[in-house]
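A.B. asks: I would like the atomic coordinates for the input below:
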Amino acid sequence: MTRHFNFCAGPAAMPIAVLDRACNEMKDYRECGLSVMEMSHRSSEFMAIAEQAEKDLRELLEIPENYRVLFTQGGASLQFSAVPYNLLGQGGTANFLDTGIWSRKAIDEAQRLFGAAHVAASSQAGGYQSLPRQEDIVLSEDAAYLHYTSNETIGGLEFDYIPHAVRPDGSEVPLVCDMSSNILSGPLDVSRFGVIYAGAQKNIGPAGLVVVIVRDDLLNQACAGMPSLLGYQALAKGGSMVNTPATYSWYLAGLVFQWLKNEVGGLDAMEAINARKAEKLYSAIDKSRLYANPVALANRSRMNVPFVLTDERLDSLFLQEAEAAGLLNLKGHRSVGGMRASIYNAVSEQAVDALISFMADFEQRRG
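C.D. replies: Numbering: from 1, shown residues only. Next comes the predicted model:
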């Protein structure tokens, strides 16, 4: 069997060590006589898996005790509904930073459900090629929270700071972050946030799971009559088992957490690796005459690197030859075109080096 290098934006590459361990435990988990995907979520075996996964995630992110960790379903997109339902029960308006397609989807959903959403800052006028600065952010007087997307997967933009969510009168509001595509890519001060949520299929594990980290004081802010399965308080009280959870995805996420702790060496080490990978790839693009990246230097994502060929007639040939060379899923999102290399935690430096080598060879032959 040959493993290729996978640059997919999601579902994304998984660590080989995790896949190997899951393979070894597939048919018989620790002599239980069955697979994890077959066992009851209420069994002592799975409860131990769930508890260990939360313990390891708390350790990695240094999550304070006054935060609940929820392992739920529906991906990040369902949180576009869950967040306003859980935080607007006491009134006020959801505020947003508009920085690309995913933040826009969150804005649209809040407007659809509640009839209003305030855009506190936007980079739309510049074609979403840079991000708002702190001084650009103006919350509404009745802001209930400020939502932003820390890394725009499609546009390849990543915040280099944590926004400060303050109303015009100086009062603070909870900060909510969609961290789907850069969570666990480095250390994080969780205490700066009211809610963090992340779809699993990039840096956490396989699709079908979403992790929500919510501060205790926000658990009683929900709207009356909201769908019960979206309620953070019920999920927290029920140990994320209000209904049958995505057990196998939860188990694999736990293996990823252990890989980060025990084999990578924690999030400081992971951050250093990610910085090296991104620096290599951006440097190769910037030095080239065939490739270009449009994103402002300060806002370039470490996780998703979009680039275009200056001669777009070569796009199809580039993708065809890249796939033949074992470099998969480099086609850019259909909304923006071009190319995109997603270099999440599980994408090795070897993979990035192979891509850079291919790009240089292709330019020499075709550019």
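A.B. asks: which residues does stretch 20-34 contact?
C.D. replies: Under the contact criterion CB atoms under 8 Å, 6 or more residues apart in numbering, stretch 20-34 has outside partners 35-36, 39, 45, 251-252, 255. Quick note: C-beta positions are derived from backbone N, CA and C, even for glycine.
A.B. asks: which stretches of the stretch 201-350 of the chain form helices?
C.D. replies: In order along the chain, the stretch 201-350 of the chain carries the following helices (DSSP state H, counting those that start in this stretch): 232-237, 247-259, 267-286, 315-324, 349-366.
A.B. asks: what's the closest of those helices to residue 139?
C.D. replies: Closest approach to residue 139 among these is made by helix 232-237 (22.4 Å; CB to CB).
A.B. asks: report the buried residues of the closest one.
C.D. replies: Of the residues in helix 232-237, those with enough neighbours to count as buried (16 or more other CB atoms under 10 Å) are 232-233, 235-236.
A.B. asks: hang on, the earlier thing: in ChimeraX, select just the buried ones from the contacts of stretch 20-34.
C.D. replies: Selecting in ChimeraX just the buried members of these, where the criterion is 16+ other CB under 10 Å, is done with this command:
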select :36,39,251,252,255
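A.B. asks: reformat the contacts of stretch 20-34 as TSV; add pLDDT and distance to residue 80.
C.D. replies: Written out in TSV, the entries for the contacts of stretch 20-34 read as follows (pLDDT from 0 to 100; distance: CB to CB, whole Å):
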residue	pLDDT	distance to residue 80
35	94	33
36	95	30
39	94	32
45	95	34
251	98	26
252	98	24
255	98	28
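A.B. asks: in JSON lines: the helices of the stretch 201-350 of the chain, plus distance to residue 89.
C.D. replies: Conversion of the helices of the stretch 201-350 of the chain to JSON lines gives the following (distance: least, CB to CB, whole Å):
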{"stretch": "helix 232-237", "distance to residue 89": "11"}
{"stretch": "helix 247-259", "distance to residue 89": "28"}
{"stretch": "helix 267-286", "distance to residue 89": "34"}
{"stretch": "helix 315-324", "distance to residue 89": "48"}
{"stretch": "helix 349-366", "distance to residue 89": "45"}
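A.B. asks: quick one: closest of those helices to residue 151.
C.D. replies: The minimum distance between residue 151 and those falls on helix 267-286, with 11.5 Å, by CB to CB.
A.B. asks: list the buried residues of that closest one.
C.D. replies: Of the residues in helix 267-286, those with enough neighbours to count as buried (16+ other CB under 10 Å) are 267, 270-271, 273-274, 277-278, 280-282, 284-285.
A.B. asks: which one of these is nearest residue 210?
C.D. replies: When these are compared against residue 210 (criterion: CB to CB), the nearest one is residue 267, at 19.8 Å.
A.B. asks: need the max-distance pair from the buried residues of helix 232-237.
C.D. replies: Taking CB to CB as the measure, the buried residues of helix 232-237 have their most distant pair in 233 and 235, spaced 7.3 Å apart.
A.B. asks: closest to residue 199 among the contacts of stretch 20-34?
C.D. replies: Distance ranking of those against residue 199, using CB to CB, places residue 252 first at 13.9 Å.
A.B. asks: mind listing what the closest one touches?
C.D. replies: With contact taken as CB under 8 Å, 6+ apart, residue 252 is in contact with 14, 18, 22, 205-206.
A.B. asks: what's the neighbour count on residue 9?
C.D. replies: Residue neighbour count, defined by other CB atoms under 10 Å, stands at 22 for residue 9.
A.B. asks: wait, it sits on residue 305?
C.D. replies: No: using CB atoms under 8 Å, residue 9 makes no contact with residue 305, being 10.5 Å away.
A.B. asks: what is in contact with these two at once?
C.D. replies: Common contact partners of residue 9 and residue 305 (CB under 8 Å, 6+ apart): 340, 342.
A.B. asks: for the record, mean pLDDT for stretch 70-89?
C.D. replies: Stretch 70-89 carries an average pLDDT of 96.
A.B. asks: kindly apply the preceding question to stretch 169-186 instead.
C.D. replies: Rounded mean pLDDT across stretch 169-186 is 97.
A.B. asks: for it, which positions count as buried?
C.D. replies: Using 16+ other CB under 10 Å as the burial criterion, the residues of stretch 169-186 that qualify are 173-186.
A.B. asks: filter those residues down to the ones in strands?
C.D. replies: Cross-referencing the buried residues of stretch 169-186 against strands under DSSP state E gives 175-178.
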